[in-house]
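Chemist: need a 3D model of the sequence below.
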Amino acid sequence: MPKTKINGVNINYQLDGNGEQTIVILNGIMMSCNSWEDFVPVYTEKGFKLLRMDFRDQGASDKYKQDYDIQIHVDDLKMILDKLEIDTVHLVGVSYGAMVAMLFELKYPEMVDSLILSNTEARVTNFLKSISDVWEIAAAANDGRKFFKLSMPYIYSDYFYNNNLDWLQEREDQLAKTLDQDWFEALIRLSKSSKNFDIFDQISNISSPTLLIAADRDILTPVKEMRKMQAEIPESNLLIIKNAGHAAFYEKMNEFNTAVLGFIGLNC
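Modeler: I've put the predicted structure just below:
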């Protein structure tokens, strides 16, 4: 995957497909470009370019060994788009990535053809801060297996756990082998970067056509909070995925992709 240096930091990205219009997918906090491999053909075979990027402290991008604010990712994305000579995009963000997507749209609305915000909030509630504290404490233990056991029940739904335990155990085994101290330290910095995130009083200024995707078993960013966002954002719609948790885009991948492509199709 190519990298571009932005203010001394190498940012990893991947551009696939040959379409005239570009979809950008922005990661959740524990994700990377590789997390979307199964999604690539879904979008490129529909005639879109698909751009993925690893934020600072994610995936193959450089670790950024000082504290920062989530806003820092906005101009990283802008510089990648400028480098690739991409003028406008359909911007898809999940969780942490959706927070970045909202910030990007508010700063560069002319570059956003449509905005899709999945399993996110416009403000970090006290409950969400408490969960972030748990993840940071778990990460500080520098133990992949313990981190998985303490973090994943908040991310995947009870429905998914009850029907995919073998897959989850394989994932736990994999993370126990691959996660290292650098990854845990980076995760803590990413977590801290959004602790004070609160743009609820600004989202009424979002001007792009917007789709919010919620999940009925998501305890991190619950439906009731996303309904509040939908009420504030002009030209917005809310879709609720049933029997899914915070990782609805994985748990119900086909439903997620159908919603994304359908909404983008209406706004091409």
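
Chemist: looks like residue 27 contacts residue 96 (just checking).
Modeler: Yes: shown here, residue 27 and residue 96 form a contact pair, counting by C-beta atoms under 8 Å, at 7.1 Å. (Each C-beta comes from the backbone N, C-alpha and C, glycine too.)

Chemist: host element of the residue lying closest to residue 125 once chain neighbours are set aside?
Modeler: Nearest-residue entry for residue 125: residue 225, 7.2 Å, with adjacent residues in sequence omitted and distances by C-beta to C-beta, 6 or more residues apart in numbering. When elements are assigned from DSSP states H and E, residue 225 belongs to helix 223-232.

Chemist: which neighbouring elements make contact with the next helix or strand after that helix?
Modeler: Elements were assigned by DSSP H and E; along the chain past helix 223-232, the next helix or strand is strand 236-241. Under the contact criterion of 3 or more C-beta pairs under 8 Å, 6 or more residues apart in numbering; DSSP states H and E, strand 236-241 touches strand 210-215, helix 223-232, helix 253-266.

Chemist: got a pLDDT number for residue 189?
Modeler: As predicted, residue 189 sits at a pLDDT of 97.

Chemist: what residues are up against residue 71?
Modeler: residue 103 (C-beta atoms under 8 Å, 6 or more residues apart in numbering).

Chemist: and the gap between it and residue 116?
Modeler: 20 Å (C-beta to C-beta, to the nearest Å).

Chemist: repeat that for residue 191.
Modeler: Counting by C-beta to C-beta, the gap from residue 191 to residue 116 is 23 Å.

Chemist: just the helices in the stretch 51-200 of the chain please.
Modeler: Assigned by DSSP state H, counting those that start in this stretch, the helices in the stretch 51-200 of the chain fall at 72-83, 96-107, 126-140, 144-155, 158-163, 165-178, 181-193.

Chemist: please identify the most buried of those.
Modeler: Most buried of the helices of the stretch 51-200 of the chain by mean neighbour count (mean count of other C-beta atoms under 10 Å) is helix 96-107; its value is a mean of 24.

Chemist: packing partners of it?
Modeler: Using 3+ C-beta pairs under 8 Å, 6+ apart: helix 96-107 touches strand 21-26, helix 72-83, strand 89-94, strand 112-118.

Chemist: want to throw these into JSON lines with mean pLDDT and distance to residue 1?
Modeler: Converted to JSON lines, the helices and strands packed on helix 96-107 look like this (pLDDT from 0 to 100; distance: least, C-beta to C-beta, whole Å):
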{"stretch": "strand 21-26", "mean pLDDT": "98", "distance to residue 1": "14"}
{"stretch": "helix 72-83", "mean pLDDT": "97", "distance to residue 1": "12"}
{"stretch": "strand 89-94", "mean pLDDT": "98", "distance to residue 1": "18"}
{"stretch": "strand 112-118", "mean pLDDT": "98", "distance to residue 1": "23"}
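
Chemist: make a markdown table out of these and add distance to residue 161.
Modeler: Listed next are the helices and strands packed on helix 96-107 as a markdown table, based on distance: least, C-beta to C-beta, whole Å:
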| stretch | distance to residue 161 |
| --- | --- |
| strand 21-26 | 25 |
| helix 72-83 | 31 |
| strand 89-94 | 20 |
| strand 112-118 | 20 |
